[in-house]
Structure formats: structure tokens, C-alpha cells
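# The sequence isn't on hand, but the structure is:
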């Protein structure tokens, strides 16, 4: 890696007309939070929604910033596990908000946490009194580069993941890179999987940067980390701008690696044996393998994808999960997602959505990642 | 009433840009339903949501029309009481939809019923898979002239009414006047309250028509009923077009009569001793009385409002509810609605939204409608 100074924009707009908002990216920038909230005129009474350990570790600085500005801050908490993405949690949080409400108050939500807090909290904001403003303060790398941007909110139903939700955009995404310092290595690397995904689908320069940079460098240099995050955010923002409600097939590109990834998560019952990012990493390798066998991508590019994942400390194989269970989960997932189509890479920086991939081919590609 | 032929448009557009839809109004027009559904390309698998008696009485004709068109129709039911507007019902219906879903299906909802079916069903449609299309087939006069149009959906929370919901527009509102023939007199008259409201806030001709026409004539003439419904629909559509999400204060006009009305409903615990329309009727008289005392409206116009309500078989007084309980409910309602402001008539066809009406004045006006 050369010693050149890396510039990255500290403000990336998500241009969605009247629902436009900014993603602020920086290190040690909590001071920027209060003026931004004031500028947006979100309301009078902020409610910080977080999970208990993250509230203690990072949420307090956000609460303090708001309190310093004279806002009477209240907090609500939710456990940061997939099990919290339920109608029960949704109901509890809606009633929690109603308890904090009162005459003359204009509540708004500040979501401090990872993907679960963002998904449930965004839905609570979208439903309470038919929609109140909310701000995303993502505290994991995965949430910073992916889930906090684009307004997808949801809870799960017993029948499947994310079946009840909304497209409801936040008013601000506030990315504080310092929050990632204390992230466990494994969770950090899981976030890198979604960043690598952004490289494969749209950004060859981001992909090359990840190839040239070690995980250690990313953890030690806020500059490198900021550059990486801002590139991934720009990819995500441009895809969302082109297809906000995933009706045009463009946003589908973000599902690269997710067809197999979701099935692997389901097959392991979301038991935490694989993280979402790890499942997506293996899924990206499976998709690259299918594309290679279809001669849609050259072997060298397919290899680059696999090698990048290994370089980022991500798994490219799975142990002890039988093929039959994966295939079964994949056919169940078909019912609920765009599982009938595959997002396949055609070169680094470009993907195609392909329907009708032969089951035999899928099976063969999946077998390459399964170990006894 | 002269013997002139009354013309009314059978299609009233609600012009909301990309969310534009039509309100079809007619008598014996179920034949129009299928071609309309086909034209709108809502999906492949319709799910008719209704309450059991209405499904038997009116829903069957809708189910048959869809079946004749080759649609594989399924049904879901919900009781048509305020108690059904709960998070529990919402969850049950979302899971019911998921059970009917499957690969290659594109579900859409057809809501056949009154306000409760429309409110809960619209919310289910808005949330399931982040939004599927839905059609409103209102079967009460109140739903036809008011609640089926404008996309307000919600369920109640223990803390208050309609606290969790969405603005989510239907793809079609299909008004079959024949459905009103079997409506009990009291429920029919309750619907007339919302029609009278439309006259007071925006349409002097509608108001005059209601003055000149008896309830009996309306029940016997589909032509007169159609004219009335179409005028009210046009008022509602124009208000919604001007202020879809009730952010500009224009849609607030539709709350005329509702500040007191909601309080009366709450004070009687939604026990069915007063219907929503009856509560709004008394509420309109209270608002007219406040406006008269503020000299915002002349005594003769205020009297016309009261006399019209009586002419329509609606109550303008309340028996056996203590003043204190009404005032208490009104102050509780403040917390949840625009109860701090009053929608007051300034003449027939125009209202103003007024803040800071003195409590003493409200008290005096309320006292004029209370009987021992």
C-alpha cells in the first residue's frame, strides 16, 4: 500500500427527492451530531433506542450530545439478537414510545446499534403515529456499510425473515468510526464481507483497495477505514437511489451472496455458528463458482473473489452442514425472497441477475464449499 | 325536491401522482370489478379480507367475480369491532397472509367491510413484504364516504386510538351502493354524519341537498344516494390530494366534529351506546356552538348545522354522560390527537383551524349538548 493520503468525503448524500438524507462519516465527530439534529428539526423529544451494552459503550456519548443541546432525552432498549425482530418486540417498543409521549411533544427516534436495532427501530418509527423521524447511528461495520442505509425496516414472522416491514428512510445516518474500535475481530470481519460485496457488484477500486490492505491496517488506520466505509456507502447509496423500493431489479444486486447466505443461516438456525457476514462470504464464493461454471466470469476473477474473502479473514467453506439441509433451506427461502434468481458476478465491479439456474449446477457449486 | 335527473360521476380520481387511484361509484356494478382488477395488474392471488357476516352478505359477490376471472381467491376474516384494531389482530392477519403465500404468487388484498376492516386490512397490506397492493370495497355508508378513501390505516395501542399505522393508499376504491340497502337505519344515519361534515367543511351544495332530501328518499333512490356519495367522495379526495399526510393542516379540516366526538366515544368506552357517526354529529354541534360564541359564524348558519343533523336522524344532544367525564376524555385525547386545536365552521362550506380556544368556552359549549 502506498503512503498516499486517502481522502474520503465526510458527507455522502442519498438523493431520494423529498426523502433525501445525508450519511455523515468521520472519526471522533460526535460534536457534529447535535448541530445536525438541530438543522434537521426532527422534533422536540428524542428517544434513543439501543441494546443495553451498546447504550453503555456508545449510546451515552449520543445521549450526552443531545442533552447538552437541551433535549430531554429518554431511552428504550432491545436485545440485539435475531429473536428481537418479532411482532412482540415491535408492540412493546410502540407502547414504550406511547408511554413517553404527551401533549406538545414531537418525538423522534435515534437508533444506536447494529442491524437488529436499525431494522426494528426503523419500523417502530415508521408506524408510530403513522411515522415519526428517525436517525441511524450504526455501531457495527456491517450496519455502517450496509443495513443503516436505504430505509429497509422489518421484523420476522414465524414463516420467514423480514416478512413484515416498510421502506422508511431515516433523516440522517451518522457513522462514527471510533465506535468500531472495540468491535470483536470476528464481527469486524463480518462487516468486511458486505464491503467486499459492494466492491464486487459496483466498485473495482474498492475491491482492489481491500486486496491491498490488511485487516490489521483497517483496524489501525481510521483513514483507511473511513475510505473503505465511504466507498461502500457510496455504492449502497447509488443503488438505493436507482431503485428505492426494489421494484426495478437494480437493488437486487445488493443480494449478491445472499441466496446461499440466507440458506446457510437458516440451516444453522441462526444459532450464531455463522454470522450474517460469514454466511454472505461463503455465498459470494458459491455465486462466483456458479458464474464460473456458466462461463459468465473468468476463472481469474472468480479466484480473486475467493482470495479476497480469505484475505479478509472470512470463511469460504462450511464445516459440518449437510448438503441436503442447505438445499432444503434454499428451496424454503425461495418462497420468501428473490431466491428464484441468482445475482452472479460477470467481472469485478459488475453483476447480472440470472433466472432459471439449473438445480444441478447450484448443487455442484454448493458442494465445492462444503467440508465434512 | 325537484324531479330533475341527478347526474353523478361513476369514477372519481384521487390524484396523488404515482399513487393515484380511482373511486368507482355505482349501483349494481359488481360486473365492473373484475375488468378493473385486471387493468390494475395488482397480482396473481387475491385474498379477500372481511368480517364473517359481511363476507356472506356482500363478499361472496366479490369472490365470485374474481373466481370467474380465473383468480384463485382465498379469504381471511376479522371481527368488525374496535377491539379488532389491535397489534394482536395485525399479527394474526400477517401470519395468515404468509400461510397463503408461496413461490411465484403475487398476493393482493381486497378489503370488504366497514372502517375496522379497512383500517386494519390497509395496514396489513402496507406491512406484508414491505407493501402489497390492496383494494377497498367499503360496505357501510361511513366507509364509502370517508374511511375507505385517503390511505389512513392503523391499529390502536392501549394508550390511544390509531397510534400505530401508515399512510398507505389503496389501488382502487370500489363503491357498490347496493351494499347499503341492508344497512340498519342507525348505521346508515351514522354514515350521513360524515357526509354532512363534508358539506360543512367544503361543499354548500351537498349541504343544501341533504337539507332538501329525507333519509327515506336517500334509502329508496340509488340516484340520490349516488349523488350524495359522489359529492362526499369528491370533497374527501380533494382534501387528501392537497395534504396527503396531514402535514399542512389542510387534512385537519376532516376532523371537524371529531375533537368532541372522540372524547364522547372514549367517555362511553366505545361501548356502542353511541356510534362514531353519532358522536361526530354531536361534536359538529359543539364546534358550531363554539364558533357562534366566538362570533366566527352567524347564528343562522350555526342553526342550519344543528337542524340538518336533526333532519338526518342524528343526535345533537347526549344523555347521562357527566360533563367531567367528557372534559377528562378530551384532555386525554389531547395527548394523542390534534385535540389542542378545534376545527370550527365559519360558514356553510368553510372551516378554520383554531388554536387556544378557552377552556371556559369549550365547557359552556359542551354543556349545551348535555342532558341529564
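Looks like it came in fine. Worth saying up front: this structure is predicted, and the values here are computed from it rather than measured.

# where do the helices sit along the stretch 151-300 of chain A?
A:185-202, A:204-212, A:215-220, A:222-242, A:258-267, A:276-293, A:299-311 (DSSP state H, counting those that start in this stretch).

# Beyond the last one, next helix or strand please.
If I follow you right, that is helix A:299-311. Where DSSP states H and E defines the elements, the next helix or strand beyond helix A:299-311 is strand A:318-319.

# Quick check: mean pLDDT of that following strand?
In this model, strand A:318-319 has an average pLDDT of 92.

# same for it, what does it pack against?
Strand A:318-319 sits against strand A:370-371, with contacts defined as 3 or more CB pairs under 8 Å, 6 or more residues apart in numbering or on different chains; DSSP states H and E. Yep, even glycine has a C-beta here, placed from its N, CA and C like the rest.

# Can you add mean neighbour count and mean pLDDT and give the helices of the stretch 151-300 of chain A back as CSV?
Output for the helices of the stretch 151-300 of chain A, formatted as CSV (neighbours: other CB atoms under 10 Å in any protein chain shown; pLDDT from 0 to 100):
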stretch, mean neighbour count, mean pLDDT
helix A:185-202, 24, 98
helix A:204-212, 18, 98
helix A:215-220, 15, 97
helix A:222-242, 21, 97
helix A:258-267, 25, 92
helix A:276-293, 26, 98
helix A:299-311, 18, 98
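
# Among those helices, single out whichever gets nearest to residue B:161.
helix A:222-242 (34.5 Å; CB to CB).

# close to chain B, is that closest one?
No: judged by CB under 8 Å from any CB of the partner chain, helix A:222-242 and chain B are separated, with a smallest distance of 13.7 Å.

# Can you name every helix or strand that that helix contacts?
Using 3+ CB pairs under 8 Å, 6+ apart: helix A:222-242 touches strand A:11-14, strand A:21-26, strand A:172-176, helix A:185-202, helix A:204-212, helix A:215-220.

# what's the angle from it to strand A:21-26?
With axes from the mean of the first three to the mean of the last three CA atoms, to 10 degrees defining the directions, helix A:222-242 sits at 170 degrees from strand A:21-26.

# Spell out which parts of the stretch 101-250 of chain A neighbour chain B.
A:101-104, A:126-131, A:152, A:154, A:157-160, A:163-167, A:245.

# Narrow the residues you listed to those that are buried.
Among these, those buried by neighbour count (16 or more other CB atoms under 10 Å in any protein chain shown) are A:101, A:126-130, A:152, A:154, A:157, A:160, A:163-167.

# so which of those residues comes closest to residue A:53?
Taking CB to CB as the measure, residue A:53 lies nearest residue A:154 of these, at 23.3 Å.

# quick one: that closest one and residue A:167 touch, right?
No: with contacts counted by CB atoms under 8 Å, residue A:154 stays clear of residue A:167, the gap being 9.8 Å.

# which residues do these two both contact?
Residues touching both residue A:154 and residue A:167 by CB atoms under 8 Å, 6 or more residues apart in numbering or on different chains: residue B:130.

# how about residue A:361, what does it touch?
A:290, A:293, A:294.

# pLDDT score assigned to it?
95.

# got a list of contacts for the least confident helix or strand in chain A by mean pLDDT?
Least confident helix or strand of chain A, by mean pLDDT, DSSP states H and E, is helix A:323-334 with a mean of 86. Contact partners of helix A:323-334, identified using CB under 8 Å, 6+ apart, comprise A:160, A:259-260, A:262-264, A:266-267, A:339-340, A:362-363, A:366-367, A:370, B:103.

# from those, which single one is nearest residue A:81?
Nearest to residue A:81 among the contacts of helix A:323-334 is residue A:266, at 15.6 Å by CB to CB.

# and the gap between that closest one and residue A:37?
Using CB to CB, to the nearest Å, we find residue A:266 at a distance of 38 Å from residue A:37.

# hmm, back to that, tabulate the helices of the stretch 151-300 of chain A in CSV, adding columns for distance to residue B:255.
As requested, those are arranged in CSV below (distance: least, CB to CB, whole Å):
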stretch, distance to residue B:255
helix A:185-202, 46
helix A:204-212, 51
helix A:215-220, 55
helix A:222-242, 36
helix A:258-267, 45
helix A:276-293, 45
helix A:299-311, 57
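
# Which of those sits closest to residue B:75?
Nearest to residue B:75 among the helices of the stretch 151-300 of chain A is helix A:258-267; the distance by CB to CB comes to 30.2 Å.

# Say whether chain B is contacted by the closest one.
No: judged by CB under 8 Å from any CB, helix A:258-267 stays clear of chain B, getting no closer than 13.7 Å.

# Report the inter-axis angle for that helix versus helix A:323-334.
110 degrees.

# Show me the domain layout of chain A.
Annotated domains of chain A cover A:11-183, A:192-216+A:247-371 [automatic domain parsing].

# hey, least reliable of those by pLDDT?
Across the domains of chain A, domain A:192-216+A:247-371 has the smallest mean pLDDT, namely a mean of 93.

# Just the buried residues of stretch A:34-46, please?
Those would be A:34, A:36, A:37, A:42, A:43, A:45, A:46, for stretch A:34-46 by 16+ other CB under 10 Å.

# Among the residues you listed, which ones are in strands?
Counting by DSSP state E, the buried residues of stretch A:34-46 place A:45, A:46 in strands.

# Which pair of the buried residues of stretch A:34-46 spans the longest distance?
A:36 and A:45 (17.3 Å).

# the inter-axis angle of whatever helix or strand residue A:364 lives in versus helix A:323-334?
Using DSSP H and E, residue A:364 falls within helix A:359-367. Here helix A:359-367 points in a direction 120 degrees away from that of helix A:323-334 (the same axes, to 10 degrees).

# Quick check: buried residues in helix A:359-367?
Neighbour counts using 16+ other CB under 10 Å place A:362, A:365, A:366 of helix A:359-367 among the buried residues.

# Buried ones in the least confident helix or strand of chain A, by neighbour count?
Residues of helix A:323-334 classed as buried: A:326, A:327, A:329, A:330, A:332, A:333, A:334 (neighbour count, 16+ other CB under 10 Å).

# Please list the strands that whichever helix or strand comes after it pairs with in its sheet, giving the direction of each pairing.
Downstream of helix A:323-334, the next assigned helix or strand under DSSP H and E is strand A:341-347. According to DSSP bridges, strand A:341-347 forms sheet pairs with strand A:350-355 (antiparallel).

# I appreciate the help and will end here.
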